[in-house]
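Novice: Just need the structure, nothing else, for what follows:
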Amino acid sequence: MAKIVFGMGTSHGPQLSTPPKLWGQRVTADKKNPGLMFRGSKYVFDELVELRKDENLGSQIGLEQWTAKNERCHTAIDRLAAELKKVNPDAVIIMGNDQHEIYSENNMPAISVFRGESFYDMPPTEEQKAKMAPGIAVAAAGHKPSEYTTYPGHPELGLHLIKHLIQNEFDVAQSDSLPQGGRSTGVPHSLGFVYGQIMKEAVLPHVPIMLNTFFPPNQPPAARCYKLGKAIGKAVEAWESDARVAIIGSGGLSHFVIDEEMDDKIIKAMDSFDEATLGAIPESYLQSGSSEIKNWIAMTGAVAGTGLTMELVDYIPCYRSEAGTGTAQGFAYWD
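Specialist: Here you go, the predicted structure:
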């Protein structure tokens with residue numbers, strides 16, 4: 001039977017593909033955002049500056065600090081890429097999410113499994129770039145290919161996962177292609193980052209599973225995501241194949257407002273496979289960018305019981321403002 005032999009959690013945000021000297025570009029948007037989420041509540045920028053003034057976050061902001069943190073991030077990314085290459089699995093399951101890139105409000109399934117032979121991606125058009133928020137277009141090369149490219153799916157594993165999950169109380173959506181109903185073309189950046197930065201464009205046969213982490217009202221809560229991961233793990237074990245399978249959780253950690261305390265609690269719970277702690281995280285804490293932590297939680301559920309153990313490669317809170325905005329970059333693997 002098939003076996004999960006490797007797990008991975010990686011951040012994937014645009015900050016990782018933006019030159020450090022430009023990290024501050026998005027602060028303008030932060031200051032205009034009326035709903036910056038932090039520990040279950042919404043704030044405006046100046047409120048967060050006042051709330052977090054004792055943390056001295058300004059000491060972590062500046063080109064010197066940003067350059068050093070960027071180097072740490074890319075050292076960690078290269079480590080993850082090397083570990084995946086060393087394992088060389090036969091198939092990969094990627095837990096990702098969409099931000100209106102392929103889905104829109106008229107079609108937003110909670111959980112989607114894709115069983116296609118292949119998936120395509122392409123660079124954004126100049127028109128698409130012009131519509132992107134400040135600091136986003138410059139990062140596109142980090143998760144988009146330079147030309148139209150197709151990547152191998154794994155339809156046999158995809159179909160098996162769909163059947164197994166349906167039989168085990170997960171009413172997943174399914175498709176043989178990624179929809180093109182959002183504002184982008186090709187694949188969402190949660191997949192594109194893995195293709196380009198982790199697999200270095202040598203993309204392995206894979207099954208994308210998309211969670212609607214971002215958009216109410218049908219976001220699967222953390223406890224449900226862990227249970228989904230466990231069901232995926234059992235599905236792999238039931239697959240009549242000798243395939244060696246890896247599973248990747250793409251996204252997170254806390255952002256667009258960084259919460260190091262929450263991240264530390266979650267990392268420790270994933271390390272110990274503490275389902276109760278992970279499942280008890282309030283839904284109000286896992287909103288906006290921090291909702292992507294659910295992709296890691298699902299991946300953790302899948303590797304629970306396999307005997308794999310966690311190696312935290314690095315955790316780098318990359319602040320871009322004294323309000324605590326930015327992204328906490330996390331990189332870990334289970335082997």
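
Novice: nearest spatial neighbour of Ser175, skipping sequence neighbours?
Specialist: The shortest distance from Ser175 to any residue that is not its chain neighbour, by Cβ to Cβ, 6 or more residues apart in numbering, is 5.7 Å, and that residue is Phe114. Where you see a C-beta, it was placed from the backbone N, CA and C, and this is true even at glycine.

Novice: pretty sure the one you found is in contact with Pro155, am I right?
Specialist: No. Taking Cβ atoms under 8 Å as the definition, Phe114 is not a contact partner of Pro155, at 9.2 Å.

Novice: hey, what's in contact with both of the two?
Specialist: Overlap between the neighbourhoods of Phe114 and Pro155 consists of Asp176, taking contacts as Cβ atoms under 8 Å, 6 or more residues apart in numbering.

Novice: of those two, who's got more company?
Specialist: The neighbour comparison of Phe114 against Pro155 (other Cβ atoms under 10 Å) goes to Phe114, with 26 against 16.

Novice: What is the burial count for the closest residue in space to Gly13 that isn't next to it in sequence?
Specialist: Leaving aside its sequence neighbours, Gly13 sits nearest to Thr327 (Cβ to Cβ, 6+ apart; 4.8 Å). Neighbouring residues of Thr327 were enumerated by other Cβ under 10 Å; the total is 29.

Novice: Could you list every helix and strand in contact with whatever helix or strand Thr327 lives in?
Specialist: Assigned by DSSP states H and E, Thr327 belongs to strand 325-334. Packing partners of strand 325-334 (3 or more Cβ pairs under 8 Å, 6 or more residues apart in numbering; DSSP states H and E): strand 3-10, helix 63-87, strand 255-257, helix 260-271, strand 310-319.

Novice: May I have the strands that pair with it, each with its orientation?
Specialist: Here strand 325-334 is paired, per DSSP bridges, with strand 3-10 (antiparallel), strand 255-257 (antiparallel), strand 310-319 (antiparallel).

Novice: any weak-confidence spans in this structure?
Specialist: Scanning the chain for pLDDT under 70 picks out the ranges 181-182.

Novice: go with 80
Specialist: Using pLDDT under 80 as the threshold, the predicted model of the chain has low-confidence ranges 133-135, 180-185.

Novice: And the strands in it?
Specialist: In order along the chain, the chain carries the following strands (DSSP state E): 3-10, 36-38, 41-43, 91-97, 111-114, 118-121, 149-152, 173-175, 206-211, 244-250, 255-257, 310-319, 325-334.

Novice: got the CA positions of the fourth one in PDB?
Specialist: Coordinates of the C-alpha atoms in strand 91-97 are reproduced here as PDB (Å, rounded to 0.1, in the frame of the first residue of the first chain):
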ATOM      1  CA  ALA A  91       3.400  11.800  -5.700                       C
ATOM      2  CA  VAL A  92       2.700  14.900  -3.800                       C
ATOM      3  CA  ILE A  93      -0.500  16.300  -2.200                       C
ATOM      4  CA  ILE A  94      -0.500  20.100  -1.900                       C
ATOM      5  CA  MET A  95      -2.800  21.800   0.600                       C
ATOM      6  CA  GLY A  96      -3.400  25.300  -0.600                       C
ATOM      7  CA  ASN A  97      -5.900  28.100  -0.700                       C
END
